[in-house]
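Novice: Quick one, fold the following:
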Amino acid sequence: MFQGGWMVKSDAGSFAVPNAVRDTWLNWGRNVGVLGFPKGAPSADPASGNYTQQFQGGVITVSGGVGRGFPKGAPSADPASGNYTQQFQGGVITVSGGVGRYP
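Specialist: Okay, the predicted model is just below:
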């Protein structure tokens, strides 16, 4: 199903992180960044090449099976929830709850 990637192991289990998601995860600090470890396997739509994967601190959605590309604008914040979202050429990154780094 995936064109390469990593297997990542944590207390939640071992999960594949496809290359398209992995590149964004790496840029956001891997497991010690705001996203933390994956919470489950990625979901994929083979027809579109879109991937979505839930992490401890947010969700990465990549469109067309490509990396995130350049930002399409500034992050938008929701002060009530602490979430913020940023649109990229290749998808969206949402960080949930304004959480910081994971140990």
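Novice: what's the closest non-adjacent residue to Thr52?
Specialist: Once flanking residues are discounted, Thr52 sits nearest to Thr61: 4.6 Å by CB to CB, 6 or more residues apart in numbering. Bear in mind the C-beta positions are built from the backbone N, C-alpha and C, glycine included.
Novice: So that neighbour is in contact with Ser48, correct?
Specialist: No. The criterion here is CB atoms under 8 Å, and Thr61 misses it with Ser48 at 11.3 Å.
Novice: Those two: who's more crowded?
Specialist: Each of Thr61 and Ser48 has its neighbours counted (other CB atoms under 10 Å); Thr61 has more, 21 against 10.
Novice: tell me which element that one falls in.
Specialist: Here Thr61, judged by DSSP states H and E, is contained in strand 58-62.
Novice: Thr24 and Ile60 touch, don't they?
Specialist: Yes. Between Thr24 and Ile60 there is a contact under CB under 8 Å: 5.2 Å.
Novice: between the two, which one's more packed in?
Specialist: Ile60 (27 against 22).
Novice: Now do the strands in the chain.
Specialist: Along the chain, counting by DSSP state E, strands occupy 5-10, 13-18, 43-45, 50-55, 58-62, 76-78, 83-88, 91-95.
Novice: Tell me the spacing between the residue nearest the centre of the chain and Ala44.
Specialist: Closest residue to the average C-alpha location of the chain: Ile60 at 2.5 Å, with CA atoms, centre = their mean. Applying CB to CB, to the nearest Å, the value for Ile60 to Ala44 is 12 Å.
Novice: list residues touching both of the two?
Specialist: Both Ile60 and Ala44 are contacted by Tyr51, Thr52, under the criterion CB atoms under 8 Å, 6 or more residues apart in numbering.
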